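Trainee: Here is the input, now give the coordinates:
(chains A and B)
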Amino acid sequence: MKIYNTLTGKKENFQPREAGKVSIYVCGPTTYNYIHMGNARPLVFFDTVRRYFKFKGYKVYYVQNFTDVDDKIINRSLKENVKAEDVAERFINEYYRDADDLNVKRADVHPKVSEHINEIIEMIQKLVEKDYAYTVNGNVYFNVSKFNDYGKLSGRCLEDMQAGSRVEVDYKKSNPLDFALWKASKESEPYWDSPWGRGRPGWHIECSAMSIKYLGTSFDVHGGGCDLIFPHHENEIAQSEAATGELFSRYWMHNGFIMVNKEKMSKSLGNFFLVREVLEKFPPDLVRFYLLSTHYRSPLDFDDEKLESSRRGLERIRNSIRLLEEALHQDNEECASSCMTGRLDDIKKSFESAMDDDFNTALAVGTLFDLAHEVNTCVQNRSYCIEDLQKAKELFSTFNNVLGIFKKDVHGDIVTEQAGSEKNDVAEKLMDLILDIRQNARKNKDFATADKIRDTLKEIGITVEDTPNGPRWKI
RNA sequence: GGCGACUUAGCCAAGUGGCUAAGGCAGAGGACUGCAAAUCCUCGAUUCCCCGGUUCGAAUCCGGGAGUCGCCUCCA
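Mentor: Down below sits the predicted model:
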């Protein structure tokens, strides 16, 4: 497997720290609002990374934090006159709702800052002892000039940054780039007691303390959006490696932005769409499919029109799975010499080599279409045998286990109905009746009635397709 | 000012030195159908933003230019 490592700027062969195991840390959201599409991209992508590592047989340990101590949470709590921890808890729950909708599996651990204050304090103490940090009026700052490798991730050097820095100079810091490990708390802010007085952790230290706690002083993959490269991840490296003396994360992966009208979707620009707003208009499988249709490091434009054209593509794959199931349920008279033989193995290989190459999900999605095409052709020509169909079905399932586009039913089969429009018993029986009436009309060449039924059903969102084996319908 | 990314058919999007530049959407024609839908078959970039260079050979490497975007401040 090859992974593009931000640290080296190259694709590298993936070598896990421990054979057969992968440890992953992904920066999770600050829980002061519902998540938006920009948050959803890394969520879905790294979920897919995790799934693929599992597919490759690795034992994966996956950690994603919640930043539940933060200025923005405090601001919201003051505005709404509720406790900061209640704000955080509320949006953690809302996060899970969105993540579940997007078929994102839970991390093995979802650590929260508020529950790791001791680990954070210990780590800061170590940095103070080692003279990497200094204290000013109850604040503790990391001294970036003490850490020689500072800038190795983002590819900048201290001098350049100082020259062009637009950071408002904080007189308490000895270098403008020094960053807070511990912040003295103001009135009406949550606080914890520490050797430096009442306060709370700075932003970056949490990820270092928590990743080290759960994954060890050195681990395999650290992921997040590319806006985190500087300063967040740069600072994580500095404080972690300063504290432990070891290489922090071995591979750094960063996803590109979601764009709106060629501009980055961001909270400060106000041009963001909440995941749940989007899910009101588009089904979650489509959203996930769309996110994975572009390579993760490329920017991805987000607008309704593009979603809409993706919808047709996804429908094509869904149709193919339906066709496959249908054929599987009809006993195929004789086992024809199959046209699929060999092709299925090729497709599987293509899928794997796409994913092996820095998680090229866009190419992998292409192989999904190849598979669909193969299935459609063979089913149409009736030149298949059941074993082939079974194998094709398994392949769809295998690919889907990695990409996570379609949900699965209780039997582990892919749900072919569009998400949110599952058929139920009443609907089934009603449709049986209606289609029976329509079939009669057709038999009597009463096409006006037959077409009227079909057109009316279409208007309410039900598509009827006539096949040699009778009609089929879908929502 | 510093650093970096991107520019491939109407649209989306793979491809990073060499067979005919994946795939999807849209579009055209055909098969199938009572008509449709679904599906299948056929068709689209003499060319990869522009200009130079390296090379037997470049969309792919190097130099220059144009445009777009991002990071350097909270942000996924």
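Trainee: hang on, residue A:183 is in a strand, isn't it?
Mentor: Yes. Under DSSP: H, G, I helix; E, B strand; the rest coil, residue A:183 falls within a strand.
Trainee: how many other residues sit next to it?
Mentor: 19 (other CB atoms under 10 Å). Just so you know, the C-beta spots here come from the backbone N, C-alpha and C atoms, and that holds for glycine as well.
Trainee: which strand residues sit across from it in the sheet?
Mentor: Beta bridges link residue A:183 to residue A:200 when assigned by DSSP bridges.
Trainee: Next to RNA strand B, which bits of the stretch 1-150 of chain A? Give me the list.
Mentor: Applying CB under 7 Å from any atom of the strand, we find that the stretch 1-150 of chain A lies next to RNA strand B at A:9, A:27, A:29-30, A:38-39, A:41-42, A:72.
Trainee: could you redo the last one with a cut-off of 6 Å?
Mentor: Residues of the stretch 1-150 of chain A lying near RNA strand B by CB under 6 Å from any atom of the strand: A:27, A:29-30, A:38-39, A:41-42.
Trainee: For those residues, which single residue is the most surrounded?
Mentor: The most crowded member of these, judged by other CB under 10 Å, is residue A:42 (27 neighbours).
Trainee: which non-adjacent residue is nearest it?
Mentor: Leaving aside its sequence neighbours, residue A:42 sits nearest to residue A:255 (CB to CB, 6 or more residues apart in numbering; 4.9 Å).
Trainee: Thought residue A:43 was touching the one you found, still the case?
Mentor: No. With contacts counted by CB atoms under 8 Å, residue A:255 stays clear of residue A:43, the gap being 9.7 Å.
Trainee: so who does residue A:28 touch?
Mentor: Taking CB atoms under 8 Å, 6 or more residues apart in numbering, we find residue A:28 in contact with A:64-67, A:110.
Trainee: which of those lies closest to RNA strand B?
Mentor: Sorting these by how near they are to RNA strand B, with CB to the nearest atom of the strand, puts residue A:67 at the top with 7.1 Å.
Trainee: From residue A:206, how far off is the closest residue to the closest one other than its chain neighbours?
Mentor: With CB to CB, 6+ apart as the criterion, residue A:67 has its nearest non-adjacent residue at 4.1 Å, and that residue is residue A:30. As judged by CB to CB, to the nearest Å, residue A:30 and residue A:206 stand 10 Å apart.
Trainee: Now for these two: what residues contact both?
Mentor: Shared contacts of residue A:30 and residue A:206 (CB under 8 Å, 6+ apart): residue A:67.
Trainee: Show me what from the stretch 301-450 of chain A comes close to RNA strand B.
Mentor: Taking CB under 6 Å from any atom of the strand as the contact definition, the stretch 301-450 of chain A meets RNA strand B at A:301, A:306, A:309, A:312-313, A:316, A:319, A:360, A:362-363, A:366, A:369, A:373, A:376-377, A:380, A:442, A:447, A:450.
Trainee: Narrow those to those that are buried.
Mentor: Using 16 or more other CB atoms under 10 Å as the burial test, those include A:301, A:313, A:319, A:360, A:442, A:450 as buried.
Trainee: Which ones among these map onto helices?
Mentor: Taking DSSP state H, the ones among these that sit in helices are A:313, A:319, A:442, A:450.
Trainee: Three-state assignment for residue A:148, please.
Mentor: Following three-state DSSP, residue A:148 is assigned to coil.
Trainee: swap that for residue A:464, sorry
Mentor: Classification of residue A:464 using three-state DSSP returns strand.
Trainee: Give me the distance between residue A:435 and RNA strand B.
Mentor: The gap separating residue A:435 from RNA strand B is 11 Å, by CB to the nearest atom of the strand, to the nearest Å.
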